[in-house]
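Trainee: fold the stuff below for me.
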Amino acid sequence: MIIEESAIESFSILEEIAWNRKTCSVSFLDIHAETSEIIASFQALSYRRPKLKKVGIYTIITLKNLHQPLTEESCQQILNQYVHGIGWNDLQFISFLEITPDCLHLHIIFNRVTPSGKLIDLACVGADWKQYEILQRSCSQAVQKSLSQWYQEKLNSSPIGGIKISV
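Mentor: Got it, this is the predicted structure:
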């Protein structure tokens, strides 16, 4: 797993990211809004700090060598637990899911200005061991839940589904 973070000067990067990826999750946004509306919403919040040069943080989480394919729901669970774990759940953000044959990428754009007008310091950009630990825990829980659901579906669809057998 890899976490890459960088400061961005403009939210126009959303147009490029949204073009060929599926929206995964949002916070303080309408998930069904057009990209231009989402960018406008990000800009409106960042304008509360008019002298701000770097308005957002772009994070890419890459998960490689997945032994168990993750569902969209699992990816949302990983993302939500990660964002809460690092304490950025009070930020406006949008995330996109990109699945390639050998890995999964979560692209996240965070607004540095909180809805209450506070500012996230750029000194925190660059993932540390705590973020990797939070991500590892989130992934483990999501995979465990996904496997549990898969086994439950298999059990329910078997000829003896729903019957408990004791030996």
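Trainee: quick one: average confidence on the host helix or strand of Ser140?
Mentor: Element membership for Ser140, per DSSP states H and E: helix 129-157. The average of the pLDDT scores along helix 129-157 is 73.
Trainee: and the pLDDT for the residue nearest in space to the middle of the chain?
Mentor: With distances taken as CA atoms, centre = their mean, Leu79 lies nearest the centre of the chain, 3.5 Å away. Per-residue confidence at Leu79 stands at 87 (pLDDT).
Trainee: before we move on, what about His32?
Mentor: 81.
Trainee: please apply the same query to Leu63.
Mentor: 86.
Trainee: where exactly do the strands run in this structure?
Mentor: For the chain, the strands defined by DSSP state E cover 2-8, 22-27, 56-64, 93-99, 103-111.
Trainee: any idea which of those strands scores lowest on pLDDT?
Mentor: Of all the strands of the chain, the minimum mean pLDDT falls on strand 22-27 (a mean of 80).
Trainee: relative to strand 93-99, how tilted is it?
Mentor: 160 degrees (axes from the mean of the first three to the mean of the last three CA atoms, to 10 degrees).
Trainee: pull out the buried positions in strand 22-27.
Mentor: Thr23, Cys24, Ser25, Val26, Ser27 (16 or more other CB atoms under 10 Å). (Glycine included, C-beta is placed from N, CA and C.)
Trainee: show me what contacts the first one?
Mentor: Taking CB atoms under 8 Å, 6 or more residues apart in numbering as the contact definition, Thr23 lies against Ile31, Ile94, Ser95, Phe96, Leu97.
Trainee: distance-wise, check the third one relative to Ile61.
Mentor: The one in question is Ser95. According to CB to CB, to the nearest Å, Ser95 stands 9 Å off from Ile61.
Trainee: which neighbours do those two share?
Mentor: Taking CB under 8 Å, 6+ apart as the criterion, Ser95 and Ile61 both touch Leu79, Leu106, Ile108.
Trainee: just give me the closest of the residues you listed to Phe11.
Mentor: When those are ranked by distance to Phe11 (CB to CB), Ile108 comes first, at 12.8 Å.
Trainee: the closest one contacts Leu79, doesn't it?
Mentor: Yes. Between Ile108 and Leu79 a contact is recorded at 7.2 Å, counting by CB atoms under 8 Å.
Trainee: overlap in contacts of these two?
Mentor: With CB under 8 Å, 6+ apart, Ile108 and Leu79 have common neighbours Ile61, Ser95.
Trainee: sorry, back to before: quick one: which of the strands of the chain is nearest Ile38?
Mentor: Closest among these, once you apply CB to CB, is strand 93-99, at 6.1 Å.
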